[in-house]
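Enquirer: sequence and predicted structure below; questions after.
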Amino acid sequence: MFDKKKIVIVWFNHDLRVRDNSALTHAVDNFDIIIPVYIHDQSEKFFRATGAASCWWLHHSLKSLEKSLATLGLSLSIFQGQTAAVLRHIVEKTKAEALVYNFSTDKHNPFCRSQISNLLHDLNCQETVFFDQFLYCPDSVHPQNSHYYQVFGAFYRACQLIGSPPAPIPAPNKKKASKTVSDGACSIDDLRLVPRNPDWAAPFSTMWTPGENTALIKADSFCEQGVFSYNRQRDFPCLDASSQLSPHLHFGEISIRTLWHKTNVQLPRCPTIEHEEEVQSYIRQLMWREFYGHLLYHNPHLQTEPMNKTFKKFEWKEIDGTLLKAWKTGNTGYPIIDAGLRQLWQTGWMHNRVRMIVSSFFVKHLRFDWHEGEAWFWDTLVDANLANNVGGWQWIAGCGADAAPYFRIFNPVLQSQKFDVQGTYIKQWVPELKKLSNKYIHAPWEAPRDVLEQALIDLGEDYPYPIVDSDKARKEALLAYEEMKHSKN
Ligand SMILES: Cc1cc2nc3c(=O)[nH]c(=O)nc-3n(C[C@H](O)[C@H](O)[C@H](O)COP(=O)(O)OP(=O)(O)OC[C@H]3O[C@@H](n4cnc5c(N)ncnc54)[C@H](O)[C@@H]3O)c2cc1C
């Protein structure tokens, strides 16, 4: 009698790596035949379709994963279609006895998870889920009387009390038998993730190299150098002082545990307390990611509902298509905002400080519903991540967990003067203003006619006048906020 070979499906989601991948390692350690699969589901049945810029990243990330898996003797099978239907097909075809995956907040909301669990139960296929997306399993961090923390400081302290997250595990070192599913499968190219005619993502390649190897090299380089000046420089968009690891983290090309440990190992090496503060500041940002992930895990309705329910009554303005288009295309007449939105369009990424200024302008100066701005970010960011995006937008709109109060309204000119002192960032992304002096680059409408002429700017032609009056918009926003607070229903 031959022993029956144990077959497992490893279902990849936002964990496109072979190192420190609990699901993959579990499969290699416990099963004989591995079937790695990726399912591209744009049906929007249970979760949002991947945005256009993220699809570009996904294409390259899958190619990279395919290569890494091949070094382990494994072959990635690609599918497209509605997740549950595809999983049923794969399990039935392969007679796999188990399916193992890493949870993703973007996909595995309770509705999706229960459907998958029921399906696997019906098919007599054992399900094992890991939580690699987090440093701490979301069910393990909570106050005494609630499932989750709603205040960042308390959450962070609770995590610190737990201690270091588990150390990362290396890539599996044994080659395993792999099985592919040819029936119904397709190639990565068949998914048509990269745009053609026009290839609007062409400039992305000059900035980004998706994939696990690049993610690790970037993380090493940042933790050896950039992290020591992170806090001092992170708010200045022209300095490129942040790690730019967000898309790599989102697609799981590097695990958050790996990055946390690479960062923490620097703490005892810090020569001064100031150096230590720089490193701590970076860890704090990683913990914001953790916080938002835990919030969405426990409260999946956050992607549509405000955390602060009072905001359900907020009177957003009806969307004006012309103003919305001006914002999306970076033609608001406020240079720092236009620079950010053009950076986003051209690179699929925007500096964090500018994300805050741009989104604040959207929800407070234009008074448009945050969902609309969040949707634009979702489609155009290569790091579009449900927890962070919804968390960031709700924070700015004042309706999120531990959010900035609504009445704190970013002044786009003052922010620009403070964080882009020389106008370097503006000149990079809004080149029509590059001849304007520092004095006027933050507010070109204030420049005298001769100054504009010398800078070769015909305001209203070469660059727009502001689409809203900042002071007036600010007052109206505050009024709307007061009305919301005092409204009875
Ligand atoms: C309106 C708005 C929308 C946002 N949408 C997203 C999004 O879709 N995806 C996304 O990853 N981040 C989002 N952020 C958070 C932040 O802007 C980005 O994570 C950061 O700019 C990415 O650049 P970085 O990798 O160089 O960050 P670094 O400063 O190097 O930080 C390291 C990592 O920490 C995490 N991080 C940093 N800041 C934050 C933060 N404020 N909230 C949560 N996590 C953080 C990210 O994973 C980031 O890669 C948003 C912020 C705002 C204000």
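Expert: Perfect, I can see it now. Because the structure is predicted, anything quoted here is derived from the model rather than measured.
Enquirer: C-alpha from now on. contacts and neighbour counts both.
Expert: OK.
Enquirer: what's the local residue count around the residue of the stretch 1-150 of the chain found nearest the ligand?
Expert: Using CA to the nearest ligand atom, the single residue of the stretch 1-150 of the chain nearest to the ligand is Ser54, 10.1 Å away. The number of residues packed near Ser54 is 23, by other CA atoms under 10 Å.
Enquirer: that one is in contact with Trp349, isn't it?
Expert: No - counting by CA atoms under 8 Å, Ser54 does not reach Trp349; the two are 10.4 Å apart.
Enquirer: quick check: neighbours shared by those two?
Expert: Shared contacts of Ser54 and Trp349, defined by CA atoms under 8 Å, 6 or more residues apart in numbering, comprise Thr380, Leu381, Val382, Asp383.
Enquirer: up against the ligand, what does the stretch 251-400 of the chain have?
Expert: 285-286, 288-289, 351-352, 355-356, 359, 383-385, 388-389, 392-393 (CA under 6 Å from any ligand atom).
Enquirer: at 5 Å instead, please
Expert: Residues of the stretch 251-400 of the chain that fall close to the ligand, judged by CA under 5 Å from any ligand atom: 285-286, 288-289, 351-352, 355-356, 383-385, 388-389, 392-393.
Enquirer: quick one: which of the residues you listed has the most company?
Expert: Ala384 (28 neighbours).
Enquirer: and that residue, helix, strand or coil?
Expert: Of the three states, Ala384 takes coil under DSSP: H, G, I helix; E, B strand; the rest coil.
Enquirer: use 591 as the first number from now on
Expert: Understood, numbering begins at 591; the last thing we discussed is Ala974.
Enquirer: could you measure from it over to Arg786?
Expert: Distance of Ala974 to Arg786, computed by CA to CA, to the nearest Å: 21 Å.
Enquirer: for Thr804, same thing?
Expert: Distance from Thr804 to Arg786, by CA to CA: 25 Å.
Enquirer: for Gln870, same thing?
Expert: 43 Å.
Enquirer: can you find the helix or strand in the protein with the smallest mean pLDDT?
Expert: Sorting the helices and strands of the chain by mean pLDDT, DSSP states H and E puts strand 767-768 at the bottom, at a mean of 86.
Enquirer: mind listing what that one pairs with, with the direction of each?
Expert: strand 623-630 (parallel) (DSSP bridges).
Enquirer: residues in contact with the helix or strand hosting Cys645: which ones?
Expert: Using DSSP states H and E, Cys645 sits in helix 642-661. Residues from elsewhere that reach helix 642-661, judged by CA under 8 Å, 6+ apart: 606-608, 665-666, 778-779, 783-785, 791, 799-802, 837, 841, 843, 938, 969-974.
Enquirer: distance from the chain centre to it, please.
Expert: With CA atoms, centre = their mean, to the nearest Å as the basis, helix 642-661 stands 17 Å off its chain's centre.
Enquirer: how near is the residue of the stretch 591-740 of the chain closest to the ligand to Pro755?
Expert: Taking CA to CA, one finds Ser644 at 28 Å from Pro755.
Enquirer: now do the SS call for Trp601.
Expert: Quick answer, by three-state DSSP: Trp601 is strand.
Enquirer: residues near it, how many?
Expert: Neighbour tally, Trp601, other CA under 10 Å: 22.
Enquirer: repeat for Ala1037
Expert: 17.
Enquirer: for it, what are its contacts?
Expert: Each residue near Ala1037 by CA under 8 Å, 6+ apart is listed here: Tyr1030.
Enquirer: now it, what are its backbone angles?
Expert: Reported as degrees, to the nearest 10, the phi and psi values for Ala1037 are phi -70, psi 140.
Enquirer: please apply the same query to His604.
Expert: Residue torsions, per degrees, to the nearest 10, at His604 are phi -110, psi 50.
Enquirer: show the buried residues in the contacts of helix 642-661.
Expert: Among the contacts of helix 642-661, those buried by neighbour count (16 or more other CA atoms under 10 Å) are 606-608, 665-666, 778, 783-784, 791, 799-802, 837, 841, 843, 938, 969-974.
Enquirer: filter those residues down to the ones in helices?
Expert: Counting by DSSP state H, the part of the buried ones among the contacts of helix 642-661 found in helices is Glu802, Pro837, Asp969, Thr970.
Enquirer: including pLDDT, could these go into JSON lines?
Expert: Formatted as JSON lines, these follow (pLDDT from 0 to 100):
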{"residue": "Glu802", "pLDDT": "98"}
{"residue": "Pro837", "pLDDT": "98"}
{"residue": "Asp969", "pLDDT": "98"}
{"residue": "Thr970", "pLDDT": "98"}
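Enquirer: including distance to Phe745, could those residues go into CSV?
Expert: Shown next, in CSV, are those (distance: CA to CA, whole Å):
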residue, distance to Phe745
Glu802, 30
Pro837, 24
Asp969, 30
Thr970, 30
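Enquirer: for those residues, work out which two are farthest apart.
Expert: Glu802 and Asp969 (22.9 Å; CA to CA).
Enquirer: still on that earlier bit, which other residues reach the least confident helix or strand of the chain?
Expert: Asp622, Ile623, Ile624, Ile625, Gly663, Leu664, Ser665.
Enquirer: so after it, what's the next helix or strand?
Expert: helix 794-797.
Enquirer: pull out the buried positions in that following helix.
Expert: Neighbour counts over helix 794-797 (16+ other CA under 10 Å) mark Phe794 as buried.
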